[in-house]
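Asks: Predicted model and sequence below, questions to follow.
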Amino acid sequence: MPAQLLFVYGTLRPAFGRPMALWFGTVARHKGKGSAKGALYRIADYPGFVPGPNDVVAGDVFGLPDPTPVLAKLDIYEECSPDFPPPHEYRREMLAVDMPDGPVQAWVYVYARPTDGLERLGNGDLSA
């Protein structure tokens, strides 16, 4: 069974109010703020997260009461489901995420293309 947690750092965060974020808020439970080691890049009107040891990216952690259908729908949204031909822009990966009560393992959508020429968001927080 897939992990029960998902870390979001971009347009799925509650503050952005996009249609997919609104839907996501109805099928997932906000567990709190979190952060993951890596860098955030501006892709277009959305960000891409690249894991790495030196910086920190801020986001939110959600519990997924019924993870399989939720993750399947999000894989389509992120265009990394088997329905989309490779190379995919994102891949879903299990990573360590820091929360106030300690680290957890959560799914994260990781940017899977080269970052050359992309704007790096130096503070690692899209909502800031």
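Replies: Nice, I can see it.

Asks: Doesn't residue 71 belong to a helix?
Replies: Yes. Under DSSP: H, G, I helix; E, B strand; the rest coil, residue 71 sits within a helix.

Asks: Show me the strands in the chain, by range?
Replies: Counting by DSSP state E, the chain has these strands, from start to end: 5-8, 29-42, 47-63, 90-99, 102-111, 119-121.

Asks: who touches the residue lying closest to residue 63 once chain neighbours are set aside in this structure?
Replies: The spatially closest residue to residue 63, leaving aside those adjacent along the chain, is residue 29, at 4.4 Å (C-beta to C-beta, 6 or more residues apart in numbering). (Glycine included, C-beta is placed from N, CA and C.) Counting by C-beta atoms under 8 Å, 6 or more residues apart in numbering, residue 29 touches 62-63, 65.

Asks: Please spell out the PyMOL selection for the buried subset of these.
Replies: Typed into PyMOL, the line below selects the buried ones among the contacts of residue 29, using 16 or more other C-beta atoms under 10 Å:
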select buried, resi 62
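
Asks: can I get the contacts of residue 29 in CSV with distance to residue 88?
Replies: Converted to CSV, the contacts of residue 29 look like this (distance: C-beta to C-beta, whole Å):
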residue, distance to residue 88
62, 22
63, 25
65, 26
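
Asks: From the contacts of residue 29, which shows the smallest pLDDT?
Replies: The member of the contacts of residue 29 with the lowest pLDDT is residue 65, at 93.

Asks: Please report phi then psi for that residue.
Replies: Backbone geometry at residue 65, expressed as degrees, to the nearest 10, gives phi -60, psi -30.

Asks: Residue 5: neighbour count?
Replies: Residues near residue 5, counting by other C-beta atoms under 10 Å, number 21.

Asks: now it, nearest residue through space, not along the chain?
Replies: That would be residue 106: by C-beta to C-beta, 6+ apart, it lies 3.8 Å from residue 5.
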